[in-house]
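Engineer: Kindly generate the corresponding structure for this input.
(chains A, B and C)
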Amino acid sequence: MELKGWRDIPIGGMILEAGNAVEYLTGGWRAFRPVFGQAGCIHCMQCWLFCPDSSILVDPDNEKMVGFDLNYCKGCGICASICPVNVKIIKKAKGAGEELAQDDPRLCIRTVEEGKFEE
Amino acid sequence: MSKFEALTGNDAVATAMRQINPDVMAAYPITPQTSTVQKFADFVSDGLVDTEFVCVESEHSAMSACVGASAAGARVMTATSANGLALMWEIVYIAASNRCPIAMSLVNRALSAPINIHCDHSDVMGMRDAGWIIFFSENGQEAYDNIIQAIRIGEHPDVLLPVAVCQDGFITSHGMERVEIYEDAEVKAFVGTYRPQWPLLDLEHPKTLGPLDFYDYYYEHKRQQIEAMENAQRVILEVTGEFNKKFNRNYSLFEPYRLEDAEVAVIAVNSTAGTVKVVVDQLRDEGLKVGLLKPRLFRPFPAQELASALGHLKAVVVMDRSVSFGAMDNAGPLFLELVAALTLHGVQVPMADYVYGLGGRDILPREIERVYRDALKMAETGRVERLVTYLSVRE
Amino acid sequence: MATQPTKLTPKELSKRPERLSPGHRLCAGCGASIIVRQMLAAIDDPVVIANATGCLEVGTTIYPYTAWRVPWIHNAFENAASTISGVEAAYRSLVRQGKIPEQNVKFLAFAGDGGTYDIGIQALSGAVERGHQFLYVCYDNGAYMNTGIQRSSATPFGAHTTTSPAGKVIPGKQQFRKDLTAIMAAHNIPYVAQAAPSKWKDLMQKTRKAVNCGGAAFMNVLASCNRGWRHGTDETIELTQLAVDACYWPLYEVEDGEWRLTYKPKEKRPVEEWLKRQGRFRHVFRPENRHMIDELQAEVDLRWERLLRLCGEA
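Structural biologist: Next up, the predicted model:
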């Protein structure tokens, strides 16, 4: 953003455009990215509840979770860690003696390394 | 019809506050401001004002609540003194930089330590860089008149800065004098309705106030404050002019007293100026050409106008009721600012500083007379014997 | 004003407008932003927020950007409560005088444990004593995180912080933390609660009670900080819940003086399990420091037992 002069900005440090932080794309911070895996999403919206960056995209009319907002997602991985489908799959695999990697394609939300993942 | 009432300076200010009827007052008691908030509390409890009176638990919270209320879009007033001001110091800067037009009665009292509840100007001088507009008042009448004008000045769209109106603690705050109180309706009409441009409570247009600035924007925000200060003098003269006309007064940036044909002059603020006037008259009766210049507006500092008014003199003596420790020659702040103003505007005149009245130490007419005689000697010899004199301290 | 409050189900809540936008610069996995999102989703009414200096304030309002889509003011570090007192007083005054319409605005103050337990406690105490109608939310991450993880009176016993470091002679913070929620309950205000975002529904129900209690309300909410606690960015919710299940952070409310436990762990976990997962406690697992774990466990148990008695659960 180009730096403005003192005459061109509101006085007193006021910011008059509410929520203009959307112009600042924090997606560039990511080292990891959430990606849909094979396990079907049950649209429980838990990921939406726990995303620190409002980066879970929902379709409110159809009450569905539809994706990840990669403009802002910082790749924290909370969505993958609390996703109940993930939890179930990981637990089941553990019971069978298998430790699933976080990018395992069988998960509902996979966490893959940024820059190394091909869609 | 205005009425003449016997009022203390504090009660005069409280009366003005009643007539102004601010939306919010957040204040904490401290001697010698207390009678202002107490009298105002009576008005609140008797239903004579609409003010939401917030009895906060400290001065820091007082100014914090004032900032919150002002940002919300309310007309806000408060009052304090000395250590109360010192405690709110952090927020005093924030009030100015957040452009909150808060009007404050500052009843001047010495800063601790040792703790001293009496008058001197160390409190206001400590805030002179904070970005507030600052007025001095010789007596209760002036304090009353100044605080009414403060509302219009602070709220002016070209200004939007908080305003402090000073008066001497105990001397005028608790001294009873004859004060002309204007009609409620007239004061109400003069201050008008506050129309905040960016109130926080405008839910349709949510805004953020008080963000984090990095080095890329802080300077620009400060430059805006400077602009407001530069506009302030013009606005003050406009508002004062309107006030003078409506209420038959004669205020300006400062008051010259028998100055025009004087050879030497004393510069003094607040109540001491009143005592100086008495001494001026006495010495004039002796045929001595002496005068007084009483600053009213301190921030913004009207350097050019002061220099013009003092340019014809043969000696100028400043009386300071505080010391700027460690400043050049441990002089007082008023002296330092006047030296700068006069020098930069090409006025070359012998100047000296007399520090008096610290911690409420009395200043007597004969001491002021001695100051004038020193000044006359300076005028004669063109020499300053002592740059800074500490009047009536026991050696 | 909503005629029927939004049902507290994720699907219904996900239809609520996001009042904290993305694009803020809080750390990946920050507990504070999760708390703000959940609490604001639970409130259907318009809100005005005062925020103390700290991570939340700094991360969301780096000029010229703001992530807030509601009226928001930051004043200083210790005065979120007095600032919101002024805003609330202004609102009441202006509504009473007919200068602005009554709009059922909810006033909130957000501050970290730094701006609440320590430097902000005076303003908070004063504001609730005066009975301003507002909800004060402390997002407690147990240290002055924004300035570099310095200890606060909310920091747990034994934790390494930059001002209570685990050094050769002194192994971390030597004091037990202040029980601020109990202090606020002692102010006898209509509503006080302790909550955590891992139990989002409990948090949201409490938020609603708090903003509708008709007086001053206080909520202390556990905010995990992966930077200060030294854990993975994805472990925020899991470790928050572990703290709750270890009874280090019990979930309860005090409504008009009635103490009520709102969550009892099926299985009370040893506090060691929670400590083990955080780098800031690494040093207490050395043989010469293990006694500290026992001391912390004893204190946690003492406070838990006391809470159970107060809640009539003993």
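
Engineer: What are the boundaries of the helices in the stretch 101-250 of chain B?
Structural biologist: All helices of the stretch 101-250 of chain B, identified by DSSP state H, counting those that start in this stretch, fall at B:122-125, B:140-155, B:184-191, B:218-247.

Engineer: nearest to chain A, of these?
Structural biologist: Among those, helix B:218-247 comes nearest to chain A, with 3.9 Å by Cβ to the nearest Cβ. Every C-beta, even on glycine, is put in place using the N, C-alpha and C of the backbone.

Engineer: Do any residues in the closest one lie close to chain A?
Structural biologist: Yes - contact between helix B:218-247 and chain A is present through B:219-221, B:223-224, B:227-228 (criterion: Cβ under 8 Å from any Cβ of the partner chain).

Engineer: State the next helix or strand along the chain beyond that helix.
Structural biologist: The element immediately downstream of helix B:218-247 (helix or strand, assigned by DSSP states H and E) is strand B:254-257.

Engineer: Give the pairing partners of that next one; include direction for each.
Structural biologist: Strand pairing for strand B:254-257, determined by DSSP bridges: strand B:290-295 (antiparallel).

Engineer: between the partner strand and helix B:140-155, what angle do the directions make?
Structural biologist: Here strand B:290-295 runs at an angle of 40 degrees relative to helix B:140-155 (axes from the mean of the first three to the mean of the last three Cα atoms, to 10 degrees).

Engineer: Give me the contacts around strand B:290-295.
Structural biologist: If you take Cβ atoms under 8 Å, 6 or more residues apart in numbering or on different chains as the criterion, strand B:290-295 is touched by B:136, B:138, B:253-269, B:273, B:276-277, B:280, B:283-284, B:306, B:309-310, B:313, B:334, B:372, B:375-376.

Engineer: Any regions of chain A where pLDDT drops low?
Structural biologist: Residues of chain A that meet the criterion pLDDT under 70 lie in A:119.

Engineer: what residues does it put near chain B?
Structural biologist: Applying Cβ under 8 Å from any Cβ, we find that chain A lies next to chain B at A:3-6, A:9-16, A:18.

Engineer: that older thread, how about the helices of the stretch 101-250 of chain B in TSV, adding mean pLDDT and mean neighbour count?
Structural biologist: Written out in TSV, the entries for the helices of the stretch 101-250 of chain B read as follows (pLDDT from 0 to 100; neighbours: other Cβ atoms under 10 Å in any protein chain shown):
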stretch	mean pLDDT	mean neighbour count
helix B:122-125	98	25
helix B:140-155	98	26
helix B:184-191	98	16
helix B:218-247	98	17
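
Engineer: ok, which stretches of the stretch 51-200 of chain C are helices?
Structural biologist: Taking DSSP H, counting those that start in this stretch as the test, the helices found in the stretch 51-200 of chain C are C:55-60, C:80-96, C:121-129, C:180-185, C:200-211.

Engineer: Turn the ones you listed into a markdown table, including mean neighbour count, distance to chain A and mean pLDDT.
Structural biologist: Supplementary listing: the helices of the stretch 51-200 of chain C in a markdown table, determined by neighbours: other Cβ atoms under 10 Å in any protein chain shown; distance: least, Cβ to the nearest Cβ, whole Å; pLDDT from 0 to 100:
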| stretch | mean neighbour count | distance to chain A | mean pLDDT |
| --- | --- | --- | --- |
| helix C:55-60 | 25 | 7 | 98 |
| helix C:80-96 | 28 | 15 | 98 |
| helix C:121-129 | 23 | 22 | 98 |
| helix C:180-185 | 21 | 23 | 98 |
| helix C:200-211 | 22 | 5 | 98 |
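
Engineer: Need those helices in CSV (columns: distance to chain B).
Structural biologist: Conversion of those to CSV gives the following (distance: least, Cβ to the nearest Cβ, whole Å):
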stretch, distance to chain B
helix C:55-60, 5
helix C:80-96, 3
helix C:121-129, 3
helix C:180-185, 15
helix C:200-211, 16
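
Engineer: before we move on, the earlier item: filter the residues of chain A next to chain B down to the ones in strands?
Structural biologist: Members of the residues of chain A next to chain B lying in strands (criterion: DSSP state E): none.

Engineer: And the residues you listed, which of them are buried?
Structural biologist: For these, burial is judged from neighbour counts taken by 16 or more other Cβ atoms under 10 Å in any protein chain shown, and it is met by A:6, A:9-15, A:18.

Engineer: Mark which of the residues of chain A next to chain B are part of helices, please.
Structural biologist: Secondary structure from DSSP state H places none of the residues of chain A next to chain B in helices.

Engineer: From those residues, list the ones also adjacent to chain C.
Structural biologist: With Cβ under 8 Å from any Cβ as the criterion, the members of the residues of chain A next to chain B in contact with chain C are A:4, A:9, A:13, A:15, A:18.

Engineer: give me every residue that touches the fourth one.
Structural biologist: This points to A:I15. B:207-209, B:211, C:61, C:63-66.

Engineer: Columns neighbour count and distance to B:T51 on top of the residues you listed, output as JSON lines?
Structural biologist: As requested, the contacts of A:I15 are exported to JSON lines (neighbours: other Cβ atoms under 10 Å in any protein chain shown; distance: Cβ to Cβ, whole Å):
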{"residue": "B:K207", "neighbour count": "21", "distance to B:T51": "25"}
{"residue": "B:T208", "neighbour count": "31", "distance to B:T51": "28"}
{"residue": "B:L209", "neighbour count": "27", "distance to B:T51": "23"}
{"residue": "B:P211", "neighbour count": "22", "distance to B:T51": "30"}
{"residue": "C:T61", "neighbour count": "26", "distance to B:T51": "31"}
{"residue": "C:Y63", "neighbour count": "19", "distance to B:T51": "34"}
{"residue": "C:P64", "neighbour count": "23", "distance to B:T51": "36"}
{"residue": "C:Y65", "neighbour count": "23", "distance to B:T51": "37"}
{"residue": "C:T66", "neighbour count": "26", "distance to B:T51": "31"}
